[in-house]
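> Next come a sequence and a model predicted from it.
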Amino acid sequence: MTGEGRSLGARVLVVGSGIAGLTYALKVAESTDVLVVTKKSRADSNTNWARGGIAAGIGGDDSPDLHLEDTLKAGDGLCHRDRVDLLVREGPARVAELVEWGARFHREDGQLSLGREGGHSRRRIVRAGDRTGREIERALLDAVGRHPRIQVAQHLFVADLVVDRSGRCRGVLAVDPRGNRVTLEGAVTLLASGGAGQVYQHTTNPLIATGDGVAMAYRAGAAVANMEFVQFHPTALYPTEDPAFLITEAIRGEGAVLRRRDGSLLLAGGEGSLAPRDVVARAIHRDLLESGESHVILDISRIPKETMEVRFPGAVEGCLARGVDLFRTGIPVVPAAHYFCGGVVTDAQGRTTVPGLYASGEVAFTGVHGANRLASNSLLEAVVFSHRAAGATVTEVAAPGLDTSPDPDTLADSDTSADPIPFPPDHRSAPGFEAGNFPPRATETQEMDRIPELRRRLRHLMWTDVGIVRSDAGLRRAEGEISALRDRVQREAGHSVAALELQNLLQVAALIVRSARMRRESRGLHFNVDHPERDDRRFAGDTILRKGGGAPG
Ligand code: SIN
């Protein structure tokens with residue numbers, strides 16, 4: 001048998017190597033073997049790109065109750081209060097655990113030094129300069145590397161979930177770098193595959209953020225929710241790169257303000273430049289449309305140069321490396337897509353609606369963000385709900401009667417030759433699994449040539465018609481064009497990993513547009529000029545989509 005159809009496995013599978021996946025793995029591995037699968041190298045994750053920090057109501061003048069209040073306020077009526085309650089009360093213990101795992105956060109006089117970001121009424125952002133995600137990822141990867149029960153398989157693209165005839169998730173189907181298909185079996189699978197920022201032309205998310213987790217969970221029949229709520233970060237460095245260079249909001253927390261290029265203040269009154277992100281991003285968007293300018297300026301003149309250099313070395317070095325003399329001119333910025341508040345619906349233990357499938361991190365919908373995520377609540381959500389998911393997983397895997405291993409009598413032969421994956425292949429593929437759209441091998445380079453162009457078209461369309469400000473006509477147009485693009489991709493794009501990523505992006509785009517069309521109001525991050533008011537009478541609930549329920553196919 002060739003490499004095609006090989007099967008590898010572990011008791012618990014984790015898709016994604018960011019903070020959600022790794023903290024879950026470290027906890028589950030206390031009881032059972034874990035295999036973490038990542039489509040690039042182990043350090044490639046959205047977490048690595050998180051600059052701001054992790055929010056925790058631990059300051060002397062702060063409390064979980066105040067953190068809860070701020071989170072609910074930002075969420076604009078859609079947060080699930082019970083879940084936010086878990087987030088803010090369990091958060092501090094989870095942050096302490098990160099310290100135990102070796103994360104080195106910024107301290108002053110021995111205490112964690114707390115920063116402030118938009119929408120927070122207190123200083124409560126635990127940080128490592130403006131490279132917090134990178135520091136957390138470093139510490140977690142070190143801890144994972146030392147753990148004898150955790151293996152990490154890199155450069156394996158997970159193409160689909162494997163769901164048996166009873167509807168239970170039994171693992172995943174993956175493609176290795178040579179195009180070989182690999183079945184990975186798991187008694188439980190955690191999706192921790194991050195976000196989908198690459199669906200937009202301008203995004204702070206890395207190239208890997210193609211929404212694979214939401215797309216494959218939806219294909220497998222899982223419920224997804226609130227896909228219309230896409231957060232645009234107000235301050236990406238202009239001109240934008242791909243991905244855009246994020247200028248952390250914590251700089252505004254230290255006193256920087258947004259100005260038009262003529263020097264006038266952009267957001268006067270109220271919370272000013274520290275208003276929640278949806279407000280700030282929309283203000284910049286509107287101003288640039290009206291003025292015809294390309295960007296606004298983040299004026300950092302109120303912050304001492306040394307403070308900038310110590311607290312925000314990433315921003316300082318990033319600007320200087322790109323020829324931006326920030327101490328003289330300020331920082332040119334524009335909004336860029338940043339974070340998905342919606343995702344795969346989970347309960348308080350991280351369980352999705354598909355038995356055996358859990359989700360955590362940006363891919364998940366836990367209900368804590370509502371219509372607009374409060375800054376720096378996402379890393380917190382990941383650690384709090386991964387901890388809960390790990391507890392539930394350990395109980396589930398230990399439960400008598402759970403069939404956690406493939407039946408050796410009915411398994412196909414496995415292939416142990418020429419194994420390119422850095423862990424021993426000792427498993428086989430079980431029969432009866434249904435692979436949603438598992439691909440044949442990719443060979444046709446001509447087909448692959450079209451993919452970048454199709455991906456660019458989709459991203460431009462989403463930016464223009466499904467961006468910071470939406471309209472009924474724009475959403476209708478986007479729906480039609482996405483459907484045409486999907487037909488074209490099915491016909492022309494082949495079955496390479498790049499083509500599968502594009503299909504996932506199109507799936508996510510269709511879900512965003514469908515959800516945005518259903519929500520005929522404006523709330524939080526979703527603003528539609530044809531329905532500019534919040535309508536609690538009709539839209540005070542989540543937008544839930546499920547395959548076969550009249551949603552995109
Ligand atoms: C930032 O540093 O501005 C980003 C933090 C976040 O997205 O929560």
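That came in fine, so what should we check first? Numbering: from 1, shown residues only.
> Residue 297 looks like it's in a strand, true?
Yes. With DSSP: H, G, I helix; E, B strand; the rest coil as the criterion, residue 297 is part of a strand.
> give the contact list for the nearest residue to it once chain neighbours are set aside.
Excluding the flanking residues, the one nearest residue 297 by Cβ to Cβ, 6 or more residues apart in numbering is residue 330, at 4.2 Å. Bear in mind the C-beta positions are built from the backbone N, C-alpha and C, glycine included. Residues near residue 330 by Cβ atoms under 8 Å, 6 or more residues apart in numbering: 259, 297-301.
> Residue 105: neighbour count?
Residues near residue 105, counting by other Cβ atoms under 10 Å, number 20.
> Work out for me the element it sits within.
Assigned by DSSP states H and E, residue 105 falls within no helix or strand.
> one step back: okay, the contacts of residue 330 in a markdown table with neighbour count next?
As requested, the contacts of residue 330 are exported to a markdown table (neighbours: other Cβ atoms under 10 Å):
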| residue | neighbour count |
| --- | --- |
| 259 | 18 |
| 297 | 22 |
| 298 | 25 |
| 299 | 20 |
| 300 | 26 |
| 301 | 13 |
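> Show me which of these is closest to the ligand.
Of all these, residue 298 has the smallest distance to the ligand: 11.4 Å, by Cβ to the nearest ligand atom.
> and residue 474, what are its phi and psi?
Note on residue 474: backbone dihedrals following degrees, to the nearest 10 are phi -60, psi -40.
> Double-check it against residue 461; I have them as touching.
No. The criterion here is Cβ atoms under 8 Å, and residue 474 misses it with residue 461 at 9.5 Å.
> What is the burial count for residue 165?
Residue 165 has 8 neighbours, counted by other Cβ under 10 Å.
> so how far is residue 356 from it?
13 Å (Cβ to Cβ, to the nearest Å).
> what does residue 548 give?
According to Cβ to Cβ, residue 548 and residue 356 sit 20 Å apart.
> Neighbour count for those two, which is higher?
For residue 548 versus residue 356, the count of surrounding residues by other Cβ under 10 Å is larger for residue 356: 25 against 7.
> which residues does that one contact?
So residue 356 contacts 168-170, 186-189 (Cβ under 8 Å, 6+ apart).
> Looking at those, spot the one nearest the ligand.
Ranked by distance to the ligand (Cβ to the nearest ligand atom), the contacts of residue 356 are led by residue 189 at 26.7 Å.
> Okay, now the sheet partners of the helix or strand hosting the closest one, with direction.
Using DSSP H and E, residue 189 maps to strand 188-191. Partners of strand 188-191 in the sheet, by DSSP bridges, are strand 12-15 (parallel), strand 357-359 (parallel).
> Restricting to C-alpha, output the longest one in PDB.
What it means is strand 12-15. The C-alpha trace of strand 12-15 is given here as PDB (Å, rounded to 0.1, in the frame of the first residue of the first chain):
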ATOM      1  CA  VAL A  12      -7.100  12.600  22.100                       C
ATOM      2  CA  LEU A  13      -6.500  14.800  19.100                       C
ATOM      3  CA  VAL A  14      -5.900  18.500  19.100                       C
ATOM      4  CA  VAL A  15      -6.200  20.500  15.800                       C
END
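> mean confidence for it?
For strand 12-15, the mean pLDDT works out to 97.
> Whichever helix or strand comes after that strand and the ligand, are they touching?
Using DSSP H and E, the helix or strand that follows strand 12-15 in sequence is helix 19-28. No. Helix 19-28 stays clear of the ligand (Cβ under 6 Å from any ligand atom), getting no nearer than 12.2 Å.
> and the helix or strand just after helix 19-28, what does it pack onto?
Per DSSP H and E, the first helix or strand lying C-terminal to helix 19-28 is strand 34-37. Secondary-structure packing of strand 34-37 (3 or more Cβ pairs under 8 Å, 6 or more residues apart in numbering; DSSP states H and E): strand 12-15, helix 19-28, strand 150-153.
> Partner strands of strand 34-37, with direction?
Its sheet considered, strand 34-37 pairs with strand 12-15 (parallel), strand 150-153 (parallel) by DSSP bridges.
> Just put those strands in JSON lines and tack on distance to the ligand and mean neighbour count.
As requested, the strands paired with strand 34-37 are exported to JSON lines (distance: least, Cβ to the nearest ligand atom, whole Å; neighbours: other Cβ atoms under 10 Å):
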{"stretch": "strand 12-15", "distance to the ligand": "22", "mean neighbour count": "30"}
{"stretch": "strand 150-153", "distance to the ligand": "26", "mean neighbour count": "22"}
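> Can you say which of these is nearest to residue 503?
Checking the strands paired with strand 34-37 against residue 503 by Cβ to Cβ gives strand 12-15 as the closest, at 16.8 Å.
> What sits closest to residue 351 if chain neighbours are left out?
Residue 351 sits nearest to residue 358 (Cβ to Cβ, 6+ apart), 5.7 Å away.
> From what I see, that neighbour and residue 187 are in contact.
No. Using Cβ under 8 Å, residue 358 is not in contact with residue 187; the gap is 11.3 Å.
> Pick out whichever of the two has more residues nearby.
Comparing residue 358 with residue 187 by other Cβ under 10 Å, the one with more neighbours is residue 358, at 31 against 24.
> sorry, back to before: could you let me know which of the contacts of residue 356 ends up closest to residue 387?
Of all those, residue 387 sits closest to residue 188, with 15.2 Å by Cβ to Cβ.
> Run through the residues that contact the closest one.
Neighbouring residues of residue 188 by Cβ under 8 Å, 6+ apart: 11-13, 356-358, 393, 396-397.
> mind checking how far it is from residue 83?
Distance from residue 188 to residue 83, by Cβ to Cβ: 21 Å.
> Would you confirm that residue 240 contacts residue 332?
No. Applying Cβ under 8 Å, one finds residue 240 not in contact with residue 332, separated by 10.2 Å.
> re the thing from before, want to throw the strands paired with strand 34-37 into CSV with distance to residue 289?
Below are the strands paired with strand 34-37 laid out as CSV (distance: least, Cβ to Cβ, whole Å):
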stretch, distance to residue 289
strand 12-15, 39
strand 150-153, 46
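> So for residue 454, which of these sits nearest?
strand 12-15 (24.8 Å).
> who's in contact with that closest one?
Under Cβ under 8 Å, 6+ apart, the answer for strand 12-15 is 21-22, 24-25, 28, 32-38, 158, 171-172, 184-193, 213, 393, 397.
> same thing with stretch 295-303?
In contact with stretch 295-303 (Cβ under 8 Å, 6+ apart) are residues 235, 238, 247, 251-252, 254-261, 266, 284, 287-288, 308, 326-327, 329-334.
> Kindly list the main-chain dihedrals of whatever residue of the chain ends up closest to the ligand?
Ranking the residues of the chain by distance to the ligand (Cβ to the nearest ligand atom) places residue 52 first, at 2.5 Å. According to degrees, to the nearest 10, the main-chain angles of residue 52 amount to phi -60, psi -80.
> before we move on, the earlier item: now the strands paired with strand 188-191 as TSV including distance to residue 270?
Formatted as TSV, those follow (distance: least, Cβ to Cβ, whole Å):
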stretch	distance to residue 270
strand 12-15	42
strand 357-359	36
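> Among those strands, which comes closest to residue 65?
Of all the strands paired with strand 188-191, it is strand 357-359 that lies closest to residue 65, at 27.9 Å by Cβ to Cβ.
> Now do the closest one, average pLDDT.
Across strand 357-359, pLDDT averages out at 98.
> Show residues contacting it.
Contacts for strand 357-359 (Cβ under 8 Å, 6+ apart): 161, 169, 188-192, 213, 217, 220, 222, 343-344, 346, 349-352, 389, 392-393.
> Which helix or strand lies directly C-terminal to it?
The first helix or strand that comes after strand 357-359 along the chain, using DSSP H and E, is strand 364-365.
> Work out the sheet partners of that following strand and label each with its direction, please.
Each strand that pairs with strand 364-365, with its direction, by DSSP bridges: strand 343-345 (parallel).
> Enumerate the residues of the stretch 201-350 of the chain near the ligand.
Taking Cβ under 6 Å from any ligand atom as the contact definition, the stretch 201-350 of the chain meets the ligand at 248-250, 338-339.
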